[in-house]
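K.L.:
I need the structure of the sequence given here:
(chains A and B)
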Amino acid sequence: DTGVSQNPRHKITKRGQNVTFRCDPISEHNRLYWYRQTLGQGPEFLTYFQNEAQLEKSRLLSDRFSAERPKGSFSTLEIQRTEQGDSAMYLCASSSHDWGGMNTEAFFGQGTRLTVV
Amino acid sequence: AQSVAQPEDQVNVAEGNPLTVKCTYSVSGNPYLFWYVQYPNRGLQFLLKYITGDNLVKGSYGFEAEFNKSQTSFHLKKPSALVSDSALYFCAVRGRMDSSYKLIFGSGTRLLVRP
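P.N.:
Numbers count the residues shown, from 1 in each chain, chains lettered A, B, ... in the order given. Below you'll find the predicted structure:
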């Protein structure tokens, strides 16, 4: 399968612990996004990478959150000192551009569901 | 600021009947518009998009959507619903001037198709 892959699928952690999630985008996609989805809501944008450069961060991304995309391939999202309010589904997506320079639609992974107890 | 409204939390329809899931948007300039579907414990799956051109866009699984600039709407439609269409549907918008290409999603509409 050459879709977007996220690991782990589920993570339960105690409040105050650090967690790290991984996203492997579609191999030829140079754009990568992280979103957060809470119950009953649509996904909310967290951050965006073009290749290895993090070009935009949402105000939702507090200083406890950090994301990286070394070498422009996979990406990691780390949450330090987790809080119960961090409980959510964390979605990764990737996209590219077509021959006309138009951005393709974003393809989403299955997400990592984080539960902070 | 960009935003998307999906005014119905849930839409109920009988199998074989036509369905409509409503979406209105607010964005500066001309929009790119998308519909995604989410099944339980799954990520979002792309259904269709409006970029430019014909206001009626056809997508996967027999779905279509009509872009209406004057009403700033992009309603999702299907002529004949299937029980398997039952899922959570999200409308999303991106401004043409947004260099990050990020999507702004609505809160979602749950579609329930009864046999």
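K.L.:
CA only for contacts and neighbour counts going forward, please
P.N.:
Fine.
K.L.:
what ranges do the helices span in chain A?
P.N.:
Applying DSSP state H to chain A gives no helices.
K.L.:
Residue numbers of it in contact with chain B?
P.N.:
Applying C-alpha under 8 Å from any C-alpha of the partner chain, we find that chain A lies next to chain B at A:33, A:40-45, A:48, A:55-56, A:91, A:103, A:105-111.
K.L.:
Filter the residues you listed down to just the ones in strands.
P.N.:
Secondary structure assignment (DSSP state E) places A:Y33, A:E44, A:F45, A:Y48, A:L55, A:E56, A:L91, A:F107, A:F108 from the residues of chain A next to chain B within strands.
K.L.:
Which residues does the fourth one form beta bridges with?
P.N.:
Going back to what we said before, that points to A:Y48. A:Y33, A:E56 (DSSP bridges).
K.L.:
Does it touch A:W34 like I think?
P.N.:
Yes - here A:Y48 reaches A:W34: they are 6.6 Å apart, a contact under C-alpha atoms under 8 Å.
K.L.:
Look up the pLDDT of B:G59 for me, please.
P.N.:
On the pLDDT scale, B:G59 is placed at 94.
K.L.:
got a list of what the closest residue to chain B within chain A touches?
P.N.:
Closest to chain B within chain A is A:Q110: 3.8 Å, counting by C-alpha to the nearest C-alpha. A:Q110 is in contact with A:V4, A:S5, A:Q6, A:R9, A:L91, B:N41, B:R42, B:G43, B:L44, counting by C-alpha atoms under 8 Å, 6 or more residues apart in numbering or on different chains.
K.L.:
cutoff 7 Å now
P.N.:
A:Q6, A:L91, B:R42, B:G43 (C-alpha atoms under 7 Å, 6 or more residues apart in numbering or on different chains).
K.L.:
Could you give the residue of chain B that lies closest to chain A?
P.N.:
B:G43 (3.8 Å).
K.L.:
Wait, A:S66 touches A:S75, no?
P.N.:
No - counting by C-alpha atoms under 7 Å, A:S66 sits too far from A:S75 to count as a contact (10.6 Å).
K.L.:
More neighbours: which of those two?
P.N.:
A:S75 (22 against 15; other C-alpha atoms under 10 Å in any protein chain shown).
K.L.:
For that one, which non-adjacent residue is closest in space?
P.N.:
Using C-alpha to C-alpha, 6 or more residues apart in numbering or on different chains and skipping the chain neighbours, the partner closest in space to A:S75 is A:R69 (4.3 Å).
K.L.:
Hmm, that neighbour is touching A:E52, no?
P.N.:
Yes - counting by C-alpha under 7 Å, A:R69 sits close enough to A:E52 to count as a contact (5.1 Å).
K.L.:
More neighbours: those two, which one.
P.N.:
Just comparing A:R69 and A:E52: by other C-alpha under 10 Å the higher neighbour count belongs to A:R69, 21 against 18.
K.L.:
quick revisit: which PyMOL command selects the buried ones in the ones in strands among the residues of chain A next to chain B?
P.N.:
Buried residues within these, by 16 or more other C-alpha atoms under 10 Å in any protein chain shown, are selected in PyMOL with:
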select buried, chain A and resi 33+44+45+48+56+91+107+108
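K.L.:
For the ones in strands among the residues of chain A next to chain B, could you give me JSON lines that also reports pLDDT?
P.N.:
Output for those, formatted as JSON lines (pLDDT from 0 to 100):
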{"residue": "A:Y33", "pLDDT": "96"}
{"residue": "A:E44", "pLDDT": "96"}
{"residue": "A:F45", "pLDDT": "95"}
{"residue": "A:Y48", "pLDDT": "93"}
{"residue": "A:L55", "pLDDT": "91"}
{"residue": "A:E56", "pLDDT": "91"}
{"residue": "A:L91", "pLDDT": "96"}
{"residue": "A:F107", "pLDDT": "93"}
{"residue": "A:F108", "pLDDT": "95"}
